[in-house]
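Trainee: Fold the following for me, if possible:
(one chain, ligands or ions: 1)
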Amino acid sequence: MPLGLLPPSEGGWEIRAWGSCQTPSESRLNGDRSKMRTSDRPLPAFRRRPITRAMEQSGLTFRKMHGLGNDFVVVDARTRPFDPTPAQARRLADRRVGVGCDQIITIEPPRPEHPGSTAFMGIRNADGGTVEACGNATRCVARLLMDEAGTDRVVLGTLAGPLIAERADGDSVRVDMGRASTDAAVLDLSHPCDPLHLDLRLPPFNDAVGVSVGNPHVVALVPDAESVDLRGTGPIIEHHDLFPDRVNAEVVSVRPDGSLRMRVWERGAGITRACGTGACAVVVAAVIRGAIPRQPTTVMLDGGPLRIDWRAGDDHVLMTGPVATVFTGTLHESLLS
Ligand SMILES: N[C@H](CCC[C@H](N)C(=O)O)C(=O)O
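Mentor: Residues are numbered from 1 along each chain as shown. Below you'll find the model as predicted:
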């Protein structure tokens with residue numbers, strides 16, 4: 001179906017599609033509207049407005065970033081509030097009609113409950129749900145804030161609490177993701193059971209480990225993570241009634257060199273190329289089950305490796321990995337209508 005350009009004026013107009021017989025004639029492009037055939041319904045006001053003005057109107061710039069392919073739309077909301085509704089978040093995350101991402105991240109003013117923090121990071125999944133933690137996004141935002149301030153360390157507030165991030169070698173960032181927990185109350189399980197041996201009745205999650213890294217994860221240790229039908233089992237596990245707020249689901253196997261291979265079905269986002277909190281959870285689960293020793297471990301995700309250290313003594317999990325910025329842009333106001 002050929003696309004036709006409305007006559008250009010004030011910086012260009014919206015592109016609309018015509019039926020096959022309605023490609024714009026020469027006369028239309030010369031502004032002769034007599035032969036112009038458009039739908040009989042007039043366009044709504046903001047759709048008539050030149051695209052450039054509509055985008056200036058929204059004034060909402062964003063940065064597209066990712067950590068190992070787990071991708072984010074990052075909006076700096078410190079001077080101009082941005083609090084998308086679930087529906088707006090879903091549209092923004094949509095890879096066809098929006099910008100497209102796994103999570104929408106807002107950088108907000110610091111909150112009093114996180115003394116010493118530089119900013120607060122809001123996290124919304126692609127399905128519009130607000131969540132507590134996002135490891136890959138924490139590295140991305142921490143890097144932005146450290147570059148902005150010219151520092152090597154930053155404290156970032158999240159719903160899971162304050163997180164300390166530091167520059168690591170090269171372009172990497174190390175984040176102290178806080179204390180991992182396998183406590184049933186922290187995992188908010190809907191009925192009493194042993195978080196170290198959860199039977200979700202669906203292999204391989206019929207003997208799984210529940211781990212909280214600020215957000216809930218259920219981890220299945222398997223002989224070969226590549227061979228699990230995660231697209232089939234993931235959504236069922238995500239919505240299992242043991243987790244009233246749903247759950248992230250990971251499968252993990254130990255590789256001959258002692259590193260881990262992990263794949264993830266993320267709550268509210270589906271299969272992603274990487275999940276920082278998930279990588280923390282699988283190391284904790286593998287150590288608890290005696291599958292690996294408690295030492296810094298490389299976790300290989302679809303998008304690449306993360307270095308995870310479940311520190312003895314305080315049970316904090318340190319995650320080190322890369323950060324990337326892909327492009328910046330401005331949101332058209334129709335996206336937020
Ligand atoms: N990709 C994120 C995890 C997002 C977690 C989210 N899917 C949830 O509902 O908890 C990470 O790097 O940790």
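
Trainee: Name the residues of the stretch 101-250 of the chain found near the ligand, please.
Mentor: Listed as neighbours of the ligand in the stretch 101-250 of the chain under the rule C-beta under 6 Å from any ligand atom: 103, 125, 131, 134-136, 215, 248. Any C-beta I mention is one placed from the backbone N, CA and C, and that applies to glycine too.

Trainee: Highest neighbour count among the residues you listed?
Mentor: Within these, most neighbours by other C-beta atoms under 10 Å means residue 136, with 34 neighbours.

Trainee: Let me see the contact set for the residue nearest to that one when sequence neighbours are not counted.
Mentor: Nearest residue to residue 136, sequence neighbours excluded (C-beta to C-beta, 6 or more residues apart in numbering): residue 67, at 2.9 Å. If a contact means C-beta atoms under 8 Å, 6 or more residues apart in numbering, then residue 67 has 135-137, 139-140, 274, 276, 303, 321-324 as its contacts.

Trainee: do the same with residue 205
Mentor: By C-beta under 8 Å, 6+ apart, residue 205 lies in contact with 198, 218, 220, 233, 237, 249.

Trainee: mind listing what's buried in stretch 160-173?
Mentor: 160, 162-168, 172-173 (16 or more other C-beta atoms under 10 Å).

Trainee: before we move on, back to that, partners of the residue nearest to residue 136 in the sheet?
Mentor: Note on residue 67: beta-bridge partners residue 70, judged by DSSP bridges.

Trainee: Next step: the contacts of residue 205 restricted to strands.
Mentor: Members of the contacts of residue 205 lying in strands (criterion: DSSP state E): 218, 220, 249.

Trainee: Most neighbours among those residues, which one?
Mentor: residue 249 (31 neighbours).

Trainee: and it, what are its bridge partners?
Mentor: Residue 249 forms beta bridges with residue 218, residue 265, as assigned by DSSP bridges.

Trainee: got a list of what it touches?
Mentor: Counted by C-beta under 8 Å, 6+ apart, residue 249 has contacts 205, 217-218, 220, 230, 233-234, 237-238, 264-265.

Trainee: in stretch 299-316, what's buried?
Mentor: Neighbour-count burial for stretch 299-316 [16+ other C-beta under 10 Å]: 299-303, 305-310, 316.

Trainee: hmm, which two among the residues you listed are most spread apart?
Mentor: 302 and 316 (25.8 Å; C-beta to C-beta).

Trainee: ranges for the helices of the stretch 1-150 of the chain?
Mentor: With DSSP state H, counting those that start in this stretch as the criterion, the stretch 1-150 of the chain has helices at 26-29, 45-48, 51-58, 86-93, 135-149.

Trainee: By mean pLDDT, show me the worst of those helices.
Mentor: The minimum mean pLDDT among the helices of the stretch 1-150 of the chain belongs to helix 26-29 (a mean of 42).

Trainee: List the residue ranges of this protein that fall below the pLDDT cut-off.
Mentor: 1-40, 43-58 (pLDDT under 70).

Trainee: Quickly list the domain ranges of it.
Mentor: As given by automatic domain parsing, the domain ranges for the chain are 3-47, 59-171+324-336, 181-314.

Trainee: Any idea how far the last one is from the middle of the chain?
Mentor: In terms of C-alpha atoms, centre = their mean, to the nearest Å, the centre of domain 181-314 is set 17 Å apart from its chain centre.

Trainee: cool, stretch 122-138 as well?
Mentor: On the basis of C-alpha atoms, centre = their mean, stretch 122-138 sits 5 Å off its chain's mean C-alpha point.

Trainee: Go through that stretch and flag the buried ones.
Mentor: Using 16+ other C-beta under 10 Å as the test for burial, stretch 122-138 gives 122-126, 128-129, 131-138.

Trainee: now the strands: where do they sit in the stretch 51-200 of the chain?
Mentor: 60-67, 70-76, 103-108, 119-125, 153-158, 161-167, 173-179 (DSSP state E, counting those that start in this stretch).

Trainee: tell me which residues in the second one are buried?
Mentor: By neighbour count, with 16+ other C-beta under 10 Å as the criterion, the buried positions of strand 70-76 are 70-76.
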